[in-house]
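> here is my input; please provide its structure:
(2 chains)
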Amino acid sequence: MDQKSNFKRLFGILVIVILIMVLSVIVLGPIYWILLSSFKHARELVSGHPGLGPTNLTLENFIYLFQRTLFATYLKNSTFVTLMTTLISVLLALHGAYSLRRFNFRGKTLIERLLLLTYMFPPIVLIIPLFKVLHTFSLINNPWSLIIVYVAFCAPFSAWLLESFFHSIPLEVEEAALMDGAGRLRILYEIFLPLTSPGLLSVALFSIIFSWSEYMFAVTFLMNEDKMTLPVGLSHFLSIYDINWGSVSAGAIATALPIAILFGFLGRIFIKNVTQGTIK
Amino acid sequence: MAKLKLCDLYKDFGEGYVVKNVNLEVNESEFCVLVGASGSGKSTILRMIAGLEKVTNGEVYLDGKLINNVPPGDRDMAMVFQNYALYAHMSVANNLGYSLKIRKVPKQDRINAIQAVAEKLQIEQLLNRRPKNLSGGERQRVALGRAIIRHPKVFLMDEPLSNLDALLRVQMRTEILRLQRELKTTTVYVTHDQVEAMSMADKLVLLRLGEIEQIGKPNEIYNHPANRYVASFVGTPVMNFIEPGELRYEDGEWQFVNIDLSLILPEHLQKGLTARNLNSDTKAVLGVRAEDISVGTPNQDWNKSQTIPGQIKLMQNLGSHTIAFTDIGHQLIAMSLDPSTEAKESDQVQILLDLRRIHLFDAQSGLAINQRVN
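Numbering: from 1, shown residues only, chains lettered A, B, ... in the order given. I've put the predicted structure just below:
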């Protein structure tokens, strides 16, 4: 009897392990392949028999990427757009969320509902109106066009998320600070900010990931190669006449790396906060 | 030391008044306790004094100066909250010193003040800890420290002990009193616990549905409750009420008559009732506290016309005394007995009310008709 149930248990574990392995191959396989391709000679990649293992590795794709393409420019543009978007979004969200949480004013509920309205529309629907507006202000082909649009997408959600973080701070803590003689801004920066730093981090990460990887608005609003961000620039490596798989792979790896590192550091906090938000 | 005065205070959150017509003076160094059930408006009054809540109508004066529109931070009052409201990201020392930092007190003076307060409250060893690593009692000490560090004119305390367990609550009660006596700071203290209120107050303010029912010293309120609500709120066990009944004038004497008993009222009440020009048959309620009832065996030599026969239904031994319950008619009456009593549950007894210490209330308005002598 015992042996039979033991066998059943082992069999169950085996099935689960196999399933996990299959899933891992599906998920991690392409990443492994891109990583491998980025370190292989272009000739080997198109030879029809590229090796599956890490043999004949070279840095030539990366050298090519940084010396012969505009990758460094794309990187610089993306970094600028991402940093500005994140900074502005977090600042707007912080003050907005605090106002919504602590002040009662006419139209407060309406504003709270409108916050999430932006996300009811598929972005593609907004692209033509946005283009027209940006064109009116001569912002097409200007990185600020992306920053404005990205902030419009990130700040409301961030404010909504931060407001729920603010809910976890008891009203009395703020009142204690008021009694201690602190003004509203001091309370926001010295009490709320440190107490909700995990929330701010989550919000910042959201903005960073969004603006780093956004493609559709970027490809629409930016025309000149020297203005392009990474996702758009990378797509230019693929043309109908020629695909340089080595530099495409190297570009993809170099694009994903900063985010991967950031997520590695902050991801734990982010995940913890997402679950924390759901329970509270 | 400061004097606080509330004049015709009203508060409306948009759904009718939650505080009505509150007039109160808190003198210098006085420990004033606002007590009442939940919804009585006691915390709202405290918050209006603090400036955390806008006054709908009326005036708040501090040392004769109108402070209705003075922001909380400029009122020179310190508040202790029920949930302590400590700054979770700051050490105990920084929690204590935050108000001084805001007031730009030089660093060395700040450190000295923190040290002095920590010594006073015996929390020196906690100064580097964060609030989350403190026990409830320690947190409460830090919250108190934060209030006393800047020597405010007034302490405001909003149920500061209700999150603590019973034993600690009694300890902290003594500690708060000791501190207040030492610092002589005018204090307004809010609680729903009448024992806490009675034991701490110089001046007790009993509130109900946003209005003051009675203001007085604790023993005044205990011995001379202005109405039935006050009588039932103050004291443990709750005052016994015998009703319905009426005050009847017969043969030149006032009597309290009820379906179960008929008592000739004592002399001081006779005079008072006659002087009041009451109608005979005025509907009334008789109130008597548990400690003002004596219990005897059925053969005890008492004036049978003034005793009530009964049976002990239930006994609760509280150590210092025993509470016995009996029925008079359909009403359960609590009596306080000596713990050495030989009475047992289901014993037949006779009950004697100390008529000098009974209370009479108008059955309709609940107001005290005549008050007892001490």
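> in terms of pLDDT, where does residue A:133 sit?
According to the model's per-residue confidence, residue A:133 sits at a pLDDT of 93.
> wait, a helix at it?
Yes: membership of residue A:133 in a helix is supported by DSSP: H, G, I helix; E, B strand; the rest coil.
> the nearest residue to residue B:349 once chain neighbours are set aside: what secondary structure?
For residue B:349, the nearest residue in space outside its immediate sequence neighbours is residue B:295; the separation is 5.0 Å by CB to CB, 6 or more residues apart in numbering or on different chains. For every residue, glycine as well, the C-beta is placed using N, CA and C. Classification of residue B:295 into helix, strand or coil gives strand, according to three-state DSSP.
> where does the closest residue in space to residue A:39 that isn't next to it in sequence land on pLDDT?
In this structure, residue A:39 finds its nearest non-sequential neighbour in residue A:57, 4.3 Å apart by CB to CB, 6+ apart. Model confidence at residue A:57, given as pLDDT, is 81.
> residue A:1 now?
According to the per-residue confidence, residue A:1 scores 55 in pLDDT.
> thinking the residue nearest to residue A:39 is in contact with residue A:40, fair?
Yes: with the criterion set as CB atoms under 8 Å, residue A:57 and residue A:40 qualify as a contacting pair; they are 6.9 Å apart.
> look at these two and report which has more neighbours.
Under the neighbour definition other CB atoms under 10 Å in any protein chain shown, residue A:57 and residue A:40 were set side by side, and residue A:40 has more, 23 against 11.
> how far away is the more buried one from chain B?
With the distance defined as CB to the nearest CB, to the nearest Å, residue A:40 ends up 50 Å from chain B.
> the chain: helices as residue ranges?
All of this refers to chain A. Assigned by DSSP state H, the helices in chain A fall at A:2-38, A:42-45, A:60-68, A:71-102, A:108-115, A:123-136, A:143-166, A:171-180, A:184-186, A:193-195, A:197-213, A:216-221, A:230-235, A:245-279.
> hmm, I had chain B in mind actually
Along chain B, the stretches classed as helices by DSSP H are B:42-50, B:92-102, B:107-120, B:136-148, B:166-183, B:194-200, B:218-223, B:228-233, B:267-276.
> pLDDT averaged over stretch A:112-127 - what is it?
Model confidence over stretch A:112-127, given as mean pLDDT, is 85.
> so how far does that stretch reach from one end to the other?
For stretch A:112-127, the first-to-last residue distance is 24 Å (CA to CA, to the nearest Å).
> the helices of chain B: lowest mean pLDDT?
Per-stretch averages of pLDDT across those put helix B:267-276 at the bottom, with a mean of 80.
> the stretch 101-250 of chain A against chain B: which residues are in contact?
A:170, A:172-173, A:175-183, A:186, A:191, A:194-195 (CB under 8 Å from any CB of the partner chain).
> out of the residues you listed, grab the one that's most surrounded.
Counting neighbours by other CB under 10 Å, residue A:176 comes out on top of these with 29 neighbours.
> just give me the neighbour total for the nearest residue to it once chain neighbours are set aside.
Leaving out its chain neighbours, the residue that sits closest to residue A:176 by CB to CB, 6+ apart is residue B:85, at 4.0 Å. Summarising burial for residue B:85: neighbours were counted as other CB under 10 Å, giving 25.
> and residue B:85, backbone torsions?
Backbone dihedrals for residue B:85, given as degrees, to the nearest 10, come out at phi 50, psi 50.
> residue contacts, it?
By CB atoms under 8 Å, 6 or more residues apart in numbering or on different chains, the contact set of residue B:85 is A:170, A:172, A:173, A:175, A:176, B:143.
> who touches the first one in this structure?
Right, the one you point to is residue A:170. So residue A:170 contacts B:83, B:85 (CB under 8 Å, 6+ apart).
> residue B:214 is in contact with residue B:230, correct?
Yes: between residue B:230 and residue B:214 there is a contact under CB under 8 Å: 4.9 Å.
> list the residues that contact both of the two?
When contacts are counted by CB under 8 Å, 6+ apart, residue B:230 and residue B:214 have B:206, B:221 as shared neighbours.
> low-confidence ranges, the chain, go.
Answering for chain A, as no chain was given. Counting by pLDDT under 70, the ranges of chain A that qualify are A:1, A:50, A:240-241, A:267-280.
> chain B, not that one
Counting by pLDDT under 70, the low-confidence segments of chain B come to B:370-374.
> how close does the one residue in the stretch 1-150 of chain A that gets nearest to chain B get to residue B:5?
Closest approach of the stretch 1-150 of chain A to chain B (CB to the nearest CB) occurs at residue A:104, with a separation of 10.6 Å. Going from residue A:104 to residue B:5 by CB to CB, to the nearest Å gives 29 Å.
> which parts of stretch A:161-168 are buried?
Using 16 or more other CB atoms under 10 Å in any protein chain shown as the test for burial, stretch A:161-168 gives A:161, A:162, A:163, A:164, A:165, A:166.
> in chain A, which residue is most central in space?
Centrality entry for chain A: nearest residue to the mean C-alpha point is residue A:209, 0.9 Å, by CA atoms, centre = their mean.
> wait, that one sits on residue A:259?
Yes: with contacts defined as CB under 8 Å, residue A:209 counts as touching residue A:259 at a distance of 6.4 Å.
> so who does the residue nearest to residue B:349 touch?
The neighbourhood of residue B:295, defined by CB under 8 Å, 6+ apart, consists of B:312, B:324, B:335, B:337, B:341, B:343, B:349, B:350, B:351, B:352.
> before we move on, back to that, quick check, nearest of the buried residues of stretch A:161-168 to residue A:51?
residue A:161 (45.8 Å; CB to CB).
> and the closest one, what is it in contact with?
If a contact means CB under 8 Å, 6+ apart, then residue A:161 has A:93, A:199, A:202, A:203, A:206, A:277 as its contacts.
> and those residues as TSV, adding neighbour count?
What follows is the contacts of residue A:161, written out as TSV (neighbours: other CB atoms under 10 Å in any protein chain shown):
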residue	neighbour count
A:93	28
A:199	26
A:202	23
A:203	28
A:206	19
A:277	16
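> what is the burial count for residue 29?
You didn't pick a chain, so chain A it is. 10.
> wait, I meant chain B there
Tallying neighbours of residue B:29 according to other CB under 10 Å, which is how burial is gauged here, yields 16.
> give me the phi and psi angles of it.
According to degrees, to the nearest 10, residue B:29 has phi 70, psi 10.
> so what's it closest to, chain neighbours aside?
If you skip the residues right next to it in sequence, residue B:29 has residue B:184 as its closest partner in space, 4.3 Å away by CB to CB, 6+ apart.
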